[in-house]
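J.: this one's sequence-less:
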């Protein structure tokens, strides 16, 4: 059985939202009642509610929205790095020992993954670390906080990453995930012209996933003989 | 380059919604303005807006919501069947020639995929065909309509499929997809206690996907030597 880690936040009215802002809380309203044998619900979400992906338009006026993200970017190998020792912000020196390569998709496991409420002092990616990630040529970055930065005027971390079309995932939950190599599936809703989109994000152990697929492929070939 | 088919509906205010009901239309409201260098949007969606997944709670009072769907069900092999010749509803006789097997995930390409407006006469899955799918032991079903049935009192198609935990995807767009074997990625938002969830759904050619992954795996192994 293939082990899957669901690294998405559950979306519900009591969930942690950015700076605890009431207007960011999701709400659900039953629009059709189950007494008629069917239940239907209307959803009120912020585009940045829970686990989500940012697009350049979030910080670059006139930039592209989430429709610009290529579906080919939504799955592939990724690495989960242990940065649980970082107290306040991820710096270049925290990344250097991990040997980043062009095309890597990097998820940062920090102490944020152990908070259930919104933490005003969440660990973020410094402007300098974002620059380092961009220079390394990573294809995507994910953090276990509702933002990739805080308290940096002009949003340099967002701008550096998004201007280079590096995929940015926020709101991951990585507490249960041992650092290492995974296969990532990250599927944001298709919201043309919107600057962000809620996403379901899953990780499968990388070797497990390859074995699972090759077994599946062999059994399919045997069946078709 | 791996070819990916995005079979999801774009979510926007003018999109087709079930029976053109105004209360099902999505809306987007800018909550923070880009004049401050940042743009944020609030979303109003129906759980059944666009491409989405139904959970048992939709038609089974007290049944589980989308949290009950196993992430392992969100990806795996699937088949796209050409049912473009079906005029009104998919019947058992339309499925029999395709040789369904236990564990199959089946997507139905019908004339619905060529409609851009909501079609009150959309092709649906008859109660009898749902029974046949359940007996075959399929693990999932997807249709290119905003519902898997219409005009069937008591929702027997939904009930038959969902009572057996067969995954149900509605609102697919399959016009561009040649019938055949694919690898499916279908990721609904994690909405505990809700009867349905919007989802991003992608297809990759099955052999292409396996080749892509094994190349990726080999190049990774070479790099780590």
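T.: Noted; the coordinates are in hand. Since we're looking at a predicted model, the values are computed, not measured.

J.: What residues of stretch A:161-178 count as buried?
T.: A:161-162, A:165-175, A:177 (16 or more other C-beta atoms under 10 Å in any protein chain shown). (C-beta placed from N, C-alpha, C; glycine too.)

J.: now do stretch A:175-190
T.: Residues of stretch A:175-190 classed as buried by neighbour count (16+ other C-beta under 10 Å): A:175, A:177, A:179, A:182, A:183, A:184, A:185, A:186, A:187, A:188, A:189, A:190.

J.: which residues sit in contact with the closest residue to residue A:9 other than its chain neighbours?
T.: The spatial neighbour of residue A:9 that comes closest, neighbours along the chain excluded (C-beta to C-beta, 6 or more residues apart in numbering or on different chains), is residue A:50 at 3.8 Å. By C-beta atoms under 8 Å, 6 or more residues apart in numbering or on different chains, the residues touching residue A:50 are A:8, A:9, A:10, A:11, A:15, A:26, A:171, A:198, B:190.

J.: With residue A:113 instead?
T.: A:144, A:172, A:173, A:174, A:175.

J.: Roughly how far does the third one sit from chain B?
T.: Distance check for residue A:173 against chain B: by C-beta to the nearest C-beta, to the nearest Å, it reads 10 Å.

J.: Run the chain-centre distance for stretch A:50-63.
T.: Relative to the centre of its chain, stretch A:50-63 is centred 13 Å away, using C-alpha atoms, centre = their mean, to the nearest Å.

J.: Can you give me the end-to-end span of that stretch?
T.: 23 Å (C-alpha to C-alpha, to the nearest Å).

J.: Pull out the buried residues from that stretch.
T.: Buried residues in stretch A:50-63 (16+ other C-beta under 10 Å): A:50, A:51, A:52, A:53, A:54, A:55, A:56, A:57, A:58, A:59, A:60, A:63.

J.: if you look at those, which of them are in strands?
T.: Within the buried residues of stretch A:50-63, residues falling in strands by DSSP state E are A:52, A:53, A:54.

J.: can you map out the strands along chain A?
T.: A:4-6, A:27-32, A:40-46, A:52-54, A:75-82, A:89-90, A:105-109, A:124-125, A:140-143, A:167-170, A:180-188, A:196-205.

J.: how about those strands in TSV, adding distance to chain B and mean pLDDT?
T.: Formatted as TSV, the strands of chain A follow (distance: least, C-beta to the nearest C-beta, whole Å; pLDDT from 0 to 100):
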stretch	distance to chain B	mean pLDDT
strand A:4-6	4	96
strand A:27-32	6	91
strand A:40-46	5	95
strand A:52-54	10	98
strand A:75-82	6	95
strand A:89-90	19	98
strand A:105-109	12	98
strand A:124-125	15	98
strand A:140-143	15	98
strand A:167-170	12	98
strand A:180-188	4	95
strand A:196-205	4	96
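
J.: any idea which of those is most buried?
T.: Looking across the strands of chain A with neighbours counted as mean count of other C-beta atoms under 10 Å in any protein chain shown, the highest average goes to strand A:124-125: a mean of 28.

J.: which strands and helices sit next to it?
T.: Judged by 3 or more C-beta pairs under 8 Å, 6 or more residues apart in numbering or on different chains; DSSP states H and E, strand A:124-125 is in contact with strand A:89-90, strand A:140-143.

J.: Show me how far it is from its chain's centre.
T.: Between the centre of strand A:124-125 and the centre of its chain there are 14 Å (C-alpha atoms, centre = their mean).

J.: Strand partners (parallel or antiparallel) of that strand?
T.: Strand A:124-125 pairs in its sheet with strand A:89-90 (parallel), by DSSP bridges.

J.: Now do residue A:213 against residue B:209, distance only.
T.: 8 Å (C-beta to C-beta, to the nearest Å).

J.: For the most centrally placed residue in chain A, which residues count as its bridge partners?
T.: In chain A, the C-alpha nearest the mean C-alpha coordinate belongs to residue A:169, at 2.9 Å (C-alpha atoms, centre = their mean). Note on residue A:169: beta-bridge partners residue A:53, residue A:142, judged by DSSP bridges.
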